[in-house]
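> pasted the sequence and its predicted model underneath.
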Amino acid sequence: MRAMSPPVGLPVLAESDLVRQVARRLTDAIVQGRLAPGAKVAEAAVARELGISRAPVREAARLLESQGLLMASPRRGFFVRELSAEDVDELYDLRLCVERHAAVEAARRLTPSMREGLRRQLDLMRELARRDDPAAIVEADYQFHRLICEAAGNARMLRLFDGLASELRIVIGLIGRLYDDPDEIARTHEPVLEAIEAGHPERIVAHIDHHLGVARREVGRLVRSLTLTP
């Protein structure tokens, strides 16, 4: 008799929009580290834990595969995608190119409503830190950076940023593991916003380079340590 996979802390779902709800729960489990890189997503176990049939779990897994969070293996099922140190380097190379330009353009085009939106997002990150809600902090962090790209007014650049969404959520989730104080994540974004509000291109680029550079170094170090862990 096959052993049952252990639960990973997934709450029971309501009936409506099951596939998206399952996808969100699995995404939360991935970014919080409850489903580790390389872990198998056992459809039967997830369905049992959520109190639903296997069909929406399978559809949710396919959705997350299309977003880059899961990988499918023939006759073996779905597994959480593993990011290598090289993947992290490539992702941050691209982030630096996109977000340096986006932040400078956002400052040039900044309106009071844009500024208020960024400030509200920063306040939200602080509030979520007080609630100790890691998955929501990951999403708020991602949305802060997306708002900067949106404020830049370049639709193609925004689509490029959106194409990185799943990988960004994974690395932001890894960043969350690096801080004992969740509020520190919000504090690291404050100098970036202040530089954008001040509107000095050189200062903006310097703060983006520092903000992403620290994350790149620490996430890369964490990924290498996870790779070396037996």
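All right, it came through fine. Numbers count the residues shown, from 1 in each chain.

> name the nearest residue to Arg108, ignoring sequence neighbours.
Nearest non-adjacent residue to Arg108, counting by CB to CB, 6 or more residues apart in numbering: Gly199, 7.3 Å away. C-beta coordinates here come from the backbone N, C-alpha and C atoms, glycine included.

> residues near the one you found, how many?
Using other CB atoms under 10 Å, Gly199 has 13 neighbouring residues.

> who's in contact with it?
Neighbouring residues of Gly199 by CB atoms under 8 Å, 6 or more residues apart in numbering: Ala107, Arg108, Leu110.

> mind doing that once more with 10 Å?
If you count contacts by CB atoms under 10 Å, 6 or more residues apart in numbering, Gly199 has them with Val104, Ala106, Ala107, Arg108, Leu110.

> between these, which is nearest His189?
Set against His189, the nearest of those by CB to CB is Ala106 (13.5 Å).

> so that closest one makes contact with Arg146?
No - contact between Ala106 and Arg146 fails when scored by CB atoms under 10 Å: they sit 11.2 Å apart.

> what's the helix or strand for the most centrally placed residue in the chain?
In the chain, the residue lying closest to the centroid (CA atoms, centre = their mean) is Arg169, at 1.3 Å. Counting by DSSP states H and E, the element that carries Arg169 is helix 165-176.

> next, Ala72: secondary structure please.
Secondary structure, DSSP: H, G, I helix; E, B strand; the rest coil: Ala72 is strand.

> what bridges to it?
Ala72 forms beta bridges with Phe78, as assigned by DSSP bridges.

> that older thread, tell me how far the residue nearest to Arg108 lies from Gly153.
Distance, Gly199 to Gly153, by CB to CB, to the nearest Å: 15 Å.

> name the helices or strands packed onto the helix-or-strand element of the chain with minimal mean pLDDT?
One helix or strand of the chain scores below all others by mean pLDDT, DSSP states H and E: helix 165-176, with a mean of 75. Where contact means 3 or more CB pairs under 10 Å, 6 or more residues apart in numbering; DSSP states H and E, helix 165-176 is packed against helix 18-31, helix 54-66, helix 85-109, helix 134-151, helix 183-198, helix 201-228.

> switch to 7 Å and redo it
Counting by 3 or more CB pairs under 7 Å, 6 or more residues apart in numbering; DSSP states H and E, the packing neighbours recorded for helix 165-176 are helix 18-31, helix 85-109, helix 134-151, helix 201-228.

> what angle sits between the shortest one and helix 165-176?
Helix 18-31 runs at 40 degrees relative to helix 165-176, counting by axes from the mean of the first three to the mean of the last three CA atoms, to 10 degrees.

> now do the buried residues in helix 18-31.
Neighbour-count burial for helix 18-31 flags 18-19, 21-31 (criterion: 16 or more other CB atoms under 10 Å).

> out of the residues you listed, who's nearest Ala47?
Set against Ala47, the nearest of those by CB to CB is Val22 (8.7 Å).

> tell me who's in contact with the closest one.
Residues in contact with Val22, defined by CB atoms under 7 Å, 6 or more residues apart in numbering, are Leu13, Leu50, Pro56, Val57, Ala60.

> picking up where we left off before, can you redo the buried residues of helix 18-31 as CSV with distance to Arg203?
Listed next are the buried residues of helix 18-31 as CSV, based on distance: CB to CB, whole Å:
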residue, distance to Arg203
Leu18, 47
Val19, 45
Gln21, 43
Val22, 44
Ala23, 39
Arg24, 37
Arg25, 41
Leu26, 40
Thr27, 35
Asp28, 36
Ala29, 39
Ile30, 35
Val31, 31
